[in-house]
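> my questions are about this predicted structure, shown below with the sequence.
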Amino acid sequence: MFRKLALVTAFVAAAGAAQAADKYEFDNSHTQVVFSWTHMGFSNPSARFEKVEGELLLDTADLTKSSVSVTLPIASIDSDVAKFDDHLRSDDFFDLAKFPTATFKSTKVEKAGDNKLKVTGDLTIHGVTKPAVLDVKINKIGDHPMAKKPAAGFDATTTIKRSDFGLGKYVPNVSDEVKIQITTETLKAG
């Protein structure tokens, strides 16, 4: 009997722990994913994904128990130059026809100092999955004064090599290293 009670108690505790994280949704009007590169050493252009889909499971009591899953539709790439956007979406680069999305799914969240986290995950671009680490700054977690619900905001950065994802065309004239900068505001679902 004691063994059954211990097993039931452990199951209930585990179920409660699994439910400690709340679902937050991305506010696309306050979320930007910008990527930049060097062009022949003359300039550092950038483009952005206009749409971000996914969810943040946020455990405010222990942020290391949080997770994030993001999908970036390749069709939403915007550099402010329509002809260049078409080139980025072509098979020279992202190949929208074959690979319509890029994704990031966290595998580990670690504290990295005051209001800082390291979020490790699987980044998939152009059908290739590689590990990536985001350096995250916690901007604010609390009640949103306009939305009247819990909110969380973060900034994150990472640098990847596009050749690792099969996107190495024009290297080294167009840099292999691509810097990714993210700012996001999320709102608790419901």
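Alright, I've got the coordinates.

> which SSE is immediately downstream of the helix or strand of the chain with the lowest mean pLDDT?
Sorting the helices and strands of the chain by mean pLDDT, DSSP states H and E puts helix 2-18 at the bottom, at a mean of 45. Counting by DSSP states H and E, the next helix or strand C-terminal to helix 2-18 is strand 22-26.

> note down every partner strand of the very next helix or strand once past that following strand and its orientation.
As assigned by DSSP H and E, the chain's next helix or strand after strand 22-26 is strand 32-36. Applying DSSP bridges, strand 32-36 is found paired with strand 46-49 (antiparallel), strand 177-188 (antiparallel).

> show me where this structure has its helices.
All helices of the chain, identified by DSSP state H, fall at 2-18, 82-89.

> remind me what the shortest one packs against, helices and strands.
Looking back up the chat, that one is helix 82-89. On a contact count with 3 or more Cβ pairs under 8 Å, 6 or more residues apart in numbering; DSSP states H and E, helix 82-89 meets strand 46-49, strand 77-78. Quick note: C-beta positions are derived from backbone N, CA and C, even for glycine.

> the ones you listed: which one's closest to Thr184?
Thr184 sits nearest to strand 46-49 of all the helices and strands packed on helix 82-89, at 11.6 Å, using Cβ to Cβ.

> now the closest one: average pLDDT?
Per-residue pLDDT values over strand 46-49 give a mean of 97.

> one more: stretch 148-160?
The model assigns stretch 148-160 a mean pLDDT of 97.

> what lies in contact with that stretch?
With contact meaning Cβ atoms under 8 Å, 6 or more residues apart in numbering, stretch 148-160 is reached by 22, 24, 30, 56, 58, 60, 119, 123, 130, 132-144, 177-188.

> format the CA atom coordinates belonging to that stretch as PDB.
C-alpha atoms of stretch 148-160 as PDB (Å, rounded to 0.1, in the frame of the first residue of the first chain):
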ATOM      1  CA  LYS A 148      -3.700  43.200 -18.900                       C
ATOM      2  CA  LYS A 149      -2.100  39.700 -18.900                       C
ATOM      3  CA  PRO A 150       1.300  38.200 -18.100                       C
ATOM      4  CA  ALA A 151       4.100  39.000 -20.600                       C
ATOM      5  CA  ALA A 152       7.700  38.300 -21.100                       C
ATOM      6  CA  GLY A 153      10.300  40.000 -23.300                       C
ATOM      7  CA  PHE A 154      13.700  38.900 -24.400                       C
ATOM      8  CA  ASP A 155      16.600  39.800 -26.700                       C
ATOM      9  CA  ALA A 156      18.800  37.100 -28.200                       C
ATOM     10  CA  THR A 157      21.800  36.800 -30.500                       C
ATOM     11  CA  THR A 158      23.800  34.100 -32.200                       C
ATOM     12  CA  THR A 159      26.100  33.700 -35.100                       C
ATOM     13  CA  ILE A 160      25.900  30.800 -37.500                       C
END
